[in-house]
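In: Output the structure for:
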Amino acid sequence: MKLTVNGEEYDVDVTPDMPLLWVLRDELGITGPKYGCGIAQCGSCTVHVDGSAVRSCQLAVGDLAGGAVTTIEGLSAPDALHEVQQAWIDHQVAQCGYCQSGQIMQAAALLDLNPSPTDNDIDAAMSGNLCRCGTYPRIRAAVKAAAVKLQEV
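Out: Model (predicted):
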């Protein structure tokens, strides 16, 4: 089965019902997306498929239908961080860091759809991504800062 991840094409020998998360982590060695809950409720496994944020723990690789997958490893250019990643650093969002790749991927997808989100927009879009450390105020501040930076580009 052919799979495009972070701009590279892979040929993976897996069953079509294998979750994308397992293919990424176990077959391709891409470890940015994390296993959190396994039922698409925590957001730690969030990746983009054709630009949309999806939970890779519940998406069967056979259901991709040729879609392009982007993980946290492929979000930025090789020589510069994505604006959301930089905002995460600037606002010291991460504590334990476990959920952060999923948080960043969800935030980047939000800003692609809504470049000027309100606090309510951010809270609604990010509500499915859980942070056990409770850094939600920092997450909101970082998303707002990234939105401003993206509008400057």
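
In: what's the closest non-adjacent residue to the residue nearest to the spatial centre of the chain?
Out: Nearest to the mean C-alpha position of the chain, by Cα atoms, centre = their mean, lies M105 at 2.4 Å. Leaving aside its chain neighbours, M105 sits nearest to T46 (4.4 Å; criterion: Cβ to Cβ, 6 or more residues apart in numbering). Quick note: C-beta positions are derived from backbone N, CA and C, even for glycine.

In: residues touching that neighbour, list them.
Out: When contacts are counted by Cβ atoms under 8 Å, 6 or more residues apart in numbering, T46 touches P33, A53, V54, R55, S56, S101, G102, Q103, M105, Q106, N129.

In: thinking again about what came up before, helix, strand, or coil at the residue nearest to the centre of the chain?
Out: Counting by DSSP: H, G, I helix; E, B strand; the rest coil, the backbone at M105 sits in helix.

In: now swap in V47 and tell me
Out: strand.

In: tell me the contacts of it?
Out: Taking Cβ under 8 Å, 6+ apart as the test, what V47 contacts is L20, L24, P33, A53, V54, S56, V69, T70, T71, I72, M105.

In: Output the contacting helices and strands for the helix ranked longest in the chain.
Out: Looking across the chain with DSSP state H, the single longest helix is helix 136-152. Contact analysis of helix 136-152 by 3 or more Cβ pairs under 8 Å, 6 or more residues apart in numbering; DSSP states H and E lists helix 83-90, helix 100-113, helix 119-126 as its packing neighbours.

In: in the second one, what counts as buried?
Out: Think helix 100-113. In terms of neighbour count (16 or more other Cβ atoms under 10 Å), helix 100-113 has its buried residues at Q100, S101, G102, Q103, I104, M105, Q106, A107, A108, A109, L110, L111.

In: That helix vs helix 119-126, what angle?
Out: 130 degrees (axes from the mean of the first three to the mean of the last three Cα atoms, to 10 degrees).
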